[in-house]
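In: What would the 3D arrangement of this be:
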Amino acid sequence: MEKIKVMIVGNNDNRIFELKSLLGNEEIAFVGFTKYGDSAMEKAISLKTNVIIIQCDNEYDDAIELAENVYVKMPGCSVIILCDRLDVEIIEKAMRAGVRKALQFPIDSKTLIDNIKTAYSVEQSRALNSGSSSVNMQSRVITVFGCKGGIGKTTIAVNLAVVLANMGKKVAVIDTDLQFGDANVFFDIDSKDTIAELVEDRSSSDIDTIKRFTYLHYSGVSVLCAPRSPEYAEYVSAKNIETIINTMRPYYDYIIIDTAPTFNDASMTAIESANLVLLVLCMDISTLRNTKTTLNILDSLQQKDKVEVVINRTTDGIITIKDINRILDMQIKNKISFDFKTALTCHNKGVPIVIEAPRTVIAQEIVQLARNVIKIIDNKV
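Out: Now for the predicted structure:
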């Protein structure tokens, strides 16, 4: 059974965390949260959200305006409003705006989930009977993550982006490894302007401004580089990253996000904003153990459904792919061969593997990964 994709919109972080904790159900998929503003609609449309929960303290007008936009622009998506205070006037305004249910805090998990299921069922019937369907934006966000440094995350992110661009897609890469990100090196880019300079600009939530701080590689990939030095990382917040992603969504077919090998605010924002998470691992016991732990964490955060594992640098050794499938309890389809010479040569030249050595096995496997990603992500969204 297809899961109900639920997104939360609100400005109260404590309430959002409380609501998120109530959504633990095998029929519910929590796809993310965002603040009020234009980016809320963009994110909801891009993620093909089924139910939006709007948490409001005193922002009743903003909540009603968002609900009206969802009703008009996203047939098939229903809205539930959750408030600390409800009165007849608020309920009437909510109903006129197309809100399926107006609920009040405190609320228990069963009540919330039952209302989500009911709202989803009613709205799906409305969309079906009206002959309309949800708005289909082509923007897809792919986050490349790994639990250890030096396992090839950036190599995969960069080359995947180039392959997608070669397929005629409009692609952007965002490097959110804020302390030691080096995606620019793989593209041979001298990063004078980075994400750190971008967020210092007052109009950083404007697409034209973002484009001024990105570099257009000759492959067709647009690159937003990580800060030039670790001390600049503190200037970039998780909120900045979320705003940048949501602003870029309508303008790119694919947004590839490279991450640091840690669970920090930046990487969690990248994971929660993603349609698909590529979890990279190598065939050694420490990386395998950490990957198992990572999957458990993502499962507890209701993000595991987005994950596709990629085994990088596959070799014949003590640990086999069959062992990895058994330990992780999943069938892994995405594998990249170990070709240290080709990878290192291309890295030092600043030329992606799929451009410099397109006939090598590793390049062909990355192309196949891109094809798999397209199939997987279209099924997920």
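
In: would you list every one of the helices in the stretch 151-300 of the chain?
Out: 153-166, 183-186, 195-200, 207-212, 238-248, 265-272, 285-300 (DSSP state H, counting those that start in this stretch).

In: do you know which of the ones you listed lies nearest E27?
Out: Closest to E27 of these is helix 285-300 (Cβ to Cβ; 15.6 Å). Using the backbone N, CA and C atoms, a C-beta is placed for each residue, glycine as well.

In: quick one: that closest one to chain centroid distance?
Out: Mean-position distance between helix 285-300 and its chain equals 19 Å (Cα atoms, centre = their mean, to the nearest Å).

In: Quick one: the strands in this structure, in order.
Out: 4-9, 28-34, 51-56, 78-83, 101-104, 140-146, 171-175, 215-216, 222-224, 254-258, 276-281, 307-314, 334-337 (DSSP state E).

In: just to revisit the earlier point, and among the helices of the stretch 151-300 of the chain, the most buried is which?
Out: Comparing the helices of the stretch 151-300 of the chain by mean neighbour count (mean count of other Cβ atoms under 10 Å), helix 153-166 ranks first with a mean of 25.

In: averaged over its residues, what pLDDT does that helix have?
Out: Mean per-residue pLDDT for helix 153-166: 96.

In: Can you show me the helices along the stretch 1-150 of the chain?
Out: Using DSSP H, counting those that start in this stretch, helices in the stretch 1-150 of the chain cover 13-21, 38-46, 60-73, 88-96, 109-130.

In: among these, which is the most enclosed?
Out: helix 38-46 comes out most buried of the helices of the stretch 1-150 of the chain by mean count of other Cβ under 10 Å, with a mean of 21.

In: which intervals of the stretch 251-381 of the chain have sub-threshold pLDDT?
Out: In the predicted model of the stretch 251-381 of the chain, residues 379-381 satisfy pLDDT under 70.

In: make it 50
Out: The stretch 251-381 of the chain contains no residues with pLDDT under 50.

In: Quick one: the strands of the chain as CSV, columns for distance to I362 and mean neighbour count too.
Out: Converted to CSV, those look like this (distance: least, Cβ to Cβ, whole Å; neighbours: other Cβ atoms under 10 Å):
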stretch, distance to I362, mean neighbour count
strand 4-9, 35, 24
strand 28-34, 33, 23
strand 51-56, 42, 26
strand 78-83, 46, 26
strand 101-104, 52, 17
strand 140-146, 16, 26
strand 171-175, 19, 28
strand 215-216, 25, 15
strand 222-224, 22, 23
strand 254-258, 18, 28
strand 276-281, 14, 24
strand 307-314, 9, 21
strand 334-337, 5, 20
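
In: how near is A161 to S219?
Out: Distance, A161 to S219, by Cβ to Cβ, to the nearest Å: 8 Å.

In: which stretch among the helices of the stretch 1-150 of the chain comes nearest A343?
Out: helix 38-46 (32.3 Å).

In: Need the residues that contact the closest one.
Out: 7, 9, 32, 34, 52, 66, 69-70, 73-74, 77, 134-135, 137, 139-141, 205, 242-243, 246-247, 249-250, 273, 275 (Cβ atoms under 8 Å, 6 or more residues apart in numbering).

In: Look up how far K20 lies from N115.
Out: 16 Å.

In: okay, I207: pLDDT?
Out: pLDDT for I207: 87.

In: how about it, what does it touch?
Out: By Cβ under 8 Å, 6+ apart, the contact set of I207 is T247, M248, P250, Y251.

In: Lowest-confidence member of the residues you listed, which is it?
Out: On pLDDT alone, P250 ranks lowest of the contacts of I207, at 84.

In: how near is that residue to S139?
Out: For P250, the distance to S139 equals 6 Å [Cβ to Cβ].

In: Settle it for me: which of those two has more neighbours?
Out: Using other Cβ atoms under 10 Å, the more surrounded residue of P250 and S139 is S139, with 23 against 13.
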